[in-house]
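Enquirer: Generate a structure from the sequence data that follows.
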Amino acid sequence: MRKQIEPPLQPENSTQNQRKYLTNTEIDCLREAASQTGQQGLRDNALVLLMFRHGLRASGAIAFQWEHVDFKNALLHVNRPKNGRYCRHSTHPLRDPELHLLRELQHLYPHDNDDYVFLSKRKAPLTSRSVQHIVACAGKIAKFPFTVHPHMLRHSTRFYLASQGHSTRTIESYVL
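Expert: Here you go, the predicted model:
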């Protein structure tokens, strides 16, 4: 008679999901680690910064095109995809660090006007899986004691805006 194997017990949510967001210091460490990930360090640093500053999902970051950047007026036109549809459009200001990184990316990787900003080594748009890998690797390089994932950057945006005293309505309009 075969011995029946019982499935392992699922860990409690409190131990499994201890962290949902990163602090500003941790974001800086993650960006520094992302810039050290190899040949694509500049791209990875810019990816982490833009995802954090604008509350982008991985799908929004990979769909980000150069035509969405208005360098003259320092604006970013954000199209927020969810469930395969673009459900919300907004315009966000670009600050100096973002503009600087985007200009460097633009200079390093010449493009046509409608090309994607975040490209793989093969000049194809990144996938959601590659964004997950980039963020997780940066978290390991930064030696965080927890796993970092792209959606954590989105939660970090909310946390940062709330800690700055912004209303929940403002946060909702910015991050939704």
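Enquirer: Quick check: chain neighbours aside, which residue is closest to the most centrally placed residue in the chain?
Expert: Among the residues of the chain, the one closest to the centroid is residue 51, at 3.1 Å (C-alpha atoms, centre = their mean). Setting aside the residues directly before and after it, residue 51 is nearest to residue 153 in space (C-beta to C-beta, 6 or more residues apart in numbering), at 4.4 Å. Where you see a C-beta, it was placed from the backbone N, CA and C, and this is true even at glycine.
Enquirer: mind listing what the residue nearest to the centre of the chain touches?
Expert: For residue 51, the contact set (C-beta atoms under 8 Å, 6 or more residues apart in numbering) comprises 58, 61, 150, 153, 154.
Enquirer: Tell me where the chain has helices.
Expert: 13-16, 24-34, 41-54, 58-62, 96-108, 128-141, 150-163, 168-175 (DSSP state H).
Enquirer: Deepest in the core, which of those helices is it.
Expert: Among these, ranked by average contacts under mean count of other C-beta atoms under 10 Å, first place goes to helix 41-54 (a mean of 23).
Enquirer: Off-centre distance for that helix?
Expert: Averaging C-alpha positions (C-alpha atoms, centre = their mean, to the nearest Å) puts helix 41-54 6 Å from its chain's average.
Enquirer: Report the inter-axis angle for it versus helix 128-141.
Expert: Interaxial angle of helix 41-54 relative to helix 128-141 (axes from the mean of the first three to the mean of the last three C-alpha atoms, to 10 degrees): 100 degrees.
Enquirer: quick one: helix 41-54 to helix 168-175, angle?
Expert: 150 degrees.
Enquirer: lowest-confidence helix or strand of the chain?
Expert: When each helix and strand of the chain is scored by mean pLDDT, DSSP states H and E, helix 13-16 comes last, with a mean of 52.
Enquirer: ok so, going back, compile the contacts of residue 51 into a markdown table and extend it with columns for distance to residue 104 and pLDDT.
Expert: Formatted as a markdown table, the contacts of residue 51 follow (distance: C-beta to C-beta, whole Å; pLDDT from 0 to 100):
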| residue | distance to residue 104 | pLDDT |
| --- | --- | --- |
| 58 | 22 | 93 |
| 61 | 17 | 93 |
| 150 | 22 | 95 |
| 153 | 20 | 95 |
| 154 | 24 | 91 |
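Enquirer: Turn those residues into a markdown table, columns for distance to residue 144.
Expert: Listed next are the contacts of residue 51 as a markdown table, based on distance: C-beta to C-beta, whole Å:
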| residue | distance to residue 144 |
| --- | --- |
| 58 | 18 |
| 61 | 20 |
| 150 | 14 |
| 153 | 13 |
| 154 | 17 |
